[in-house]
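K.L.:
test case, fold it:
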Amino acid sequence: MSDARFAILGPLEVSAAAITSPKQRVVLATLLLSANQVVDVDDLIERVWEDDEGPHRRRSALQVHVARLRKTLEVAGTGAAICTHAHGYEIEMPDDQLDLTRFAALRHRAGRARDAGEPGEESTLLQEALALWRGRPLLDVESESLRRDHMPWLNEQWLGTVERHIDLELQLGRAQEVIPAIRAAIAGHPLRESLWCQLMLACHQCGRRVEAVDAYHSLRQTLSDQLGVAPGARAAAIFQRILQDQGPPRTTATVTAPPPPAPAHRWSMVCQLPPDRPDFAGRTAALEHLEGVLTGGGMPVAMVLGLPGVGKTALAVHLAHRLRHHFPDGQWYVGLTNDQCRTRELRTVLGELIRASGADTDGGCDTIESMAAFLRGRLADRRVLLLLDDAVDADQVSHLLPGTSGSAVLLTSRFYQPTLVARHSAVPYRLDELGTDESLTLLARLLGAGRVEAEPDAAADLVQLCGHLPLALQLAAAALLYRPHRQIADYVAELRSGNRLSELSAGHGRRTALRHAFDGSYASLSTRARRLFRHLGAAHAEFTGSAPAVQPDMADALDELVAAHLVEEHKPGRFRVPKLLHLYAAERAAETTQPRFSLVPRTV
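P.N.:
Numbering: from 1, shown residues only. Have a look, this model is predicted:
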């Protein structure tokens, strides 16, 4: 273990304290992953027990485990304190006492070295950061949900740092020394195409041309066997360069598919970001996670996913404003769907991005592929942040990605895009509903703290009825602001007694209505998935995946609903429809009289 008192980048360890209780280890790991932030009680309960018991039945048991863990840490003199808040717990500690926060700090210092043009210093800092990792995290913590939700992010933090460090070592002429590290990383992540590209470049730089060619063929075979796809344009371009023996490039950043000949164009350092919301609240963990991905080097692609109305665009815009100084060559925004939630023409989108770069023309390109290549040429060696809002499919996004390191892509989507993960090492991040504290904070910023504090119980009921969805809370607040003397409790009573979706849409334009957000996702479903979604509206909001085989294609339809974030698999084999979406599904169910699936209810 490093000199940090708490270590989670590998087996969970605490200096001078032996935490042997499995449940206390889960509590500690959950708190450490959000150190110096409040973790909701319900989240802790789900991490610790992972069963079907209601959260209220576990609160007393959780309090006992927290109290024992708190005493153990105090007796050991760790310098950390577990604090109790209204709706959760927080572990407070100096940043240098946890290896995860030290890792983040070293990456941040490396980013400053990069901005200062000091590759040697940046490489040293990244090597120091990587030395904090002692193995795969969370394997000795008995919580499947904790591993499921945090391991992808932790893996991406490590991989992004490894890849950036390799890039720097190649730039510094240390290819021979770094080849073993590349091969070790590939052994653990054989589908990571960017690592294979680095191996090809390193071998070529050392004059080991045969090994570089073999690496490309191994990549092609691996992708074909496991995914049924061919290597991407970047790997193919490196391979062709090796075959032509044009001389090894110094870094991965200099290799890209060559754009067509084009005249010189000026560069426009433009910020196209929509205005940031002044009432933005919460999402601390999401912001830190995504900032780490987007500033970790290479050409990162981060995907913000989640159900309609959960605040994907608001988060992405807020983060993009926060990162403006990291991308001095521009911050571009483009919406990928129109007002009818239909995919915009790719040629139109490419043209907008090319013009955003300052080019007066599209370089005479007459095909989508040539326009995409021209855009990559414009972005080469630039540091631009692209915010692609409401992406529908991977093919649409793939044509918009830069071809070299330096720039970054932040996209939002209602649908999980596995092809982007496999082909472009995109990092998915699921944005869940707000926690209770975050919901109340947002409501206070929207309505005013005094109004919320005057009716705390009614405010708590309101955020519950809004399903902790930011969009629903904003619409509810708009209705209350229009009538400043109206009691929150009266509005809550109206929501309970009337049509909640109608109340949360009244007086709003179609584009901002809650139903419109749901309509876009519903319209994008296949016929079978729509049918299943309607049936779920007439059934229990929580159910198992073991429905009878009356409908053989139900599994595919259910997978589609999960990928569209209209249904959540909150435990293996157990699913639920979020509250407001369940009301929407019930409305859709009332529109049809088709036979229903027989779903296994939550009580079974």
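
K.L.:
those strands in this protein, which residues are they?
P.N.:
6-7, 13-14, 39-40, 81-84, 88-92, 301-305, 330-335, 384-391, 408-413, 427-430, 542-544, 568-571, 574-576 (DSSP state E).

K.L.:
mean confidence score for the last one?
P.N.:
Averaging pLDDT along strand 574-576 yields 86.

K.L.:
what's that strand in contact with?
P.N.:
Residues from elsewhere that reach strand 574-576 (CB atoms under 8 Å, 6 or more residues apart in numbering): 52, 541-545, 558, 562, 567-570. Backbone N, C-alpha and C define where each C-beta goes, glycine included.

K.L.:
now, of those, which are buried?
P.N.:
The neighbour-count test (16 or more other CB atoms under 10 Å) marks 541-543, 545, 558, 562, 567-568 as buried among the contacts of strand 574-576.

K.L.:
out of these, which is nearest to Cys83?
P.N.:
Cys83 has its nearest neighbour among the buried ones among the contacts of strand 574-576 in Glu568, at 29.7 Å by CB to CB.

K.L.:
test my guess that the closest one contacts Pro578.
P.N.:
Yes: here Glu568 reaches Pro578: they are 6.7 Å apart, a contact under CB atoms under 8 Å.

K.L.:
mutual contacts of those two, please.
P.N.:
Going by CB under 8 Å, 6+ apart, residues that sit against Glu568 and also against Pro578 are Leu307.

K.L.:
let me know how buried Tyr216 is, in neighbour terms.
P.N.:
22 (other CB atoms under 10 Å).

K.L.:
which residue, other than its chain neighbours, is closest to it?
P.N.:
Among residues not flanking Tyr216 along the chain, Phe239 sits closest, at 4.4 Å (CB to CB, 6 or more residues apart in numbering).

K.L.:
how close does that neighbour get to Phe327?
P.N.:
For Phe239, the distance to Phe327 (CB to CB, to the nearest Å) stands at 30 Å.

K.L.:
which of the buried ones among the contacts of strand 574-576 lies closest to Gly207?
P.N.:
Val562 (49.1 Å).

K.L.:
quick one: contacts for the closest residue to Leu385 other than its chain neighbours?
P.N.:
Spatially, and ignoring its direct neighbours in sequence, Leu385 is nearest to Phe327 (4.0 Å; CB to CB, 6+ apart). Going by CB under 8 Å, 6+ apart, Phe327 touches 383-385, 407-408.

K.L.:
go again with 7 Å.
P.N.:
Going by CB atoms under 7 Å, 6 or more residues apart in numbering, Phe327 touches 383-385, 408.

K.L.:
return the member of those nearest to Ala61.
P.N.:
Among those, and counting by CB to CB, the member closest to Ala61 is Ala408, at 43.4 Å.

K.L.:
shouldn't that closest one be in contact with Gly292?
P.N.:
No: contact criterion CB atoms under 7 Å: Ala408 and Gly292 do not qualify, at 11.5 Å.

K.L.:
what mean pLDDT would you report for stretch 490-501?
P.N.:
87.

K.L.:
distance from the chain centre to it, please.
P.N.:
Between the centre of stretch 490-501 and the centre of its chain there are 33 Å (CA atoms, centre = their mean, to the nearest Å).

K.L.:
then stretch 151-166?
P.N.:
Distance of stretch 151-166 from its chain centroid, counting by CA atoms, centre = their mean, is 14 Å.

K.L.:
CA atoms of that stretch as PDB?
P.N.:
Taking C-alpha atoms only, stretch 151-166 is exported to PDB below (Å, rounded to 0.1, in the frame of the first residue of the first chain):
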ATOM      1  CA  MET A 151     -15.600  -0.700 -12.300                       C
ATOM      2  CA  PRO A 152     -16.100   0.600 -15.900                       C
ATOM      3  CA  TRP A 153     -15.200   4.100 -14.700                       C
ATOM      4  CA  LEU A 154     -12.200   2.900 -12.700                       C
ATOM      5  CA  ASN A 155     -11.000   0.800 -15.600                       C
ATOM      6  CA  GLU A 156     -11.300   3.800 -18.000                       C
ATOM      7  CA  GLN A 157      -9.400   6.000 -15.600                       C
ATOM      8  CA  TRP A 158      -6.500   3.500 -15.600                       C
ATOM      9  CA  LEU A 159      -6.600   2.800 -19.300                       C
ATOM     10  CA  GLY A 160      -6.800   6.500 -20.300                       C
ATOM     11  CA  THR A 161      -3.800   7.200 -18.100                       C
ATOM     12  CA  VAL A 162      -1.900   4.200 -19.500                       C
ATOM     13  CA  GLU A 163      -2.600   5.300 -23.100                       C
ATOM     14  CA  ARG A 164      -1.500   8.900 -22.500                       C
ATOM     15  CA  HIS A 165       1.700   7.800 -20.800                       C
ATOM     16  CA  ILE A 166       2.500   5.500 -23.700                       C
END
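
K.L.:
which parts of that stretch are buried?
P.N.:
153-154, 156-166.

K.L.:
okay, helices next: where are they in the stretch 351-500 of the chain?
P.N.:
368-379, 394-398, 418-424, 436-447, 449-454, 456-465, 470-482, 488-497, 500-503 (DSSP state H, counting those that start in this stretch).

K.L.:
of all the ones you listed, which one is nearest His217?
P.N.:
helix 418-424 (18.1 Å).

K.L.:
which residues touch the closest one?
P.N.:
Residues outside helix 418-424 that contact it (CB under 7 Å, 6+ apart) are 191, 193, 227, 229, 232, 301, 303, 394, 397-398, 401, 426, 428.

K.L.:
what's the burial count for Gln221?
P.N.:
Neighbours of Gln221 using other CB under 10 Å come to 10.

K.L.:
got the angle for the helix ranked longest in the chain vs strand 301-305?
P.N.:
In the chain, assigned by DSSP state H, the helix with the most residues is helix 144-171. Helix 144-171 and strand 301-305 are oriented at 160 degrees to each other (axes from the mean of the first three to the mean of the last three CA atoms, to 10 degrees).

K.L.:
low-confidence ranges, the chain, go.
P.N.:
1-4, 51-57, 246-266, 340-341, 360-364, 366, 505-512, 545-553, 592-604 (pLDDT under 70).

K.L.:
ok so, going back, ok, the contacts of Phe327 vs Ala187, which is closest?
P.N.:
Ala408 (27.2 Å).

K.L.:
nearest residue to the closest one other than its sequence neighbours?
P.N.:
Closest to Ala408 by CB to CB, 6+ apart is Leu294, at 4.5 Å.

K.L.:
quick check: the gap between that neighbour and Val304.
P.N.:
Leu294 is 11 Å from Val304, by CB to CB.

K.L.:
likewise Gln221?
P.N.:
With CB to CB as the criterion, Gln221 and Val304 are 33 Å apart.

K.L.:
same check, this time on Arg378
P.N.:
On the measure of CB to CB, Arg378 and Val304 end up 25 Å apart.

K.L.:
who has more neighbours, these two?
P.N.:
Per other CB under 10 Å, whichever of Arg378 and Val304 has more neighbours is Val304, with 25 against 21.

K.L.:
would you confirm that that one contacts Val317?
P.N.:
No: contact between Val304 and Val317 fails when scored by CB under 7 Å: they sit 10.6 Å apart.

K.L.:
could you find the closest non-adjacent residue to Ile186?
P.N.:
Ile186 sits nearest to Leu195 (CB to CB, 6+ apart), 4.9 Å away.
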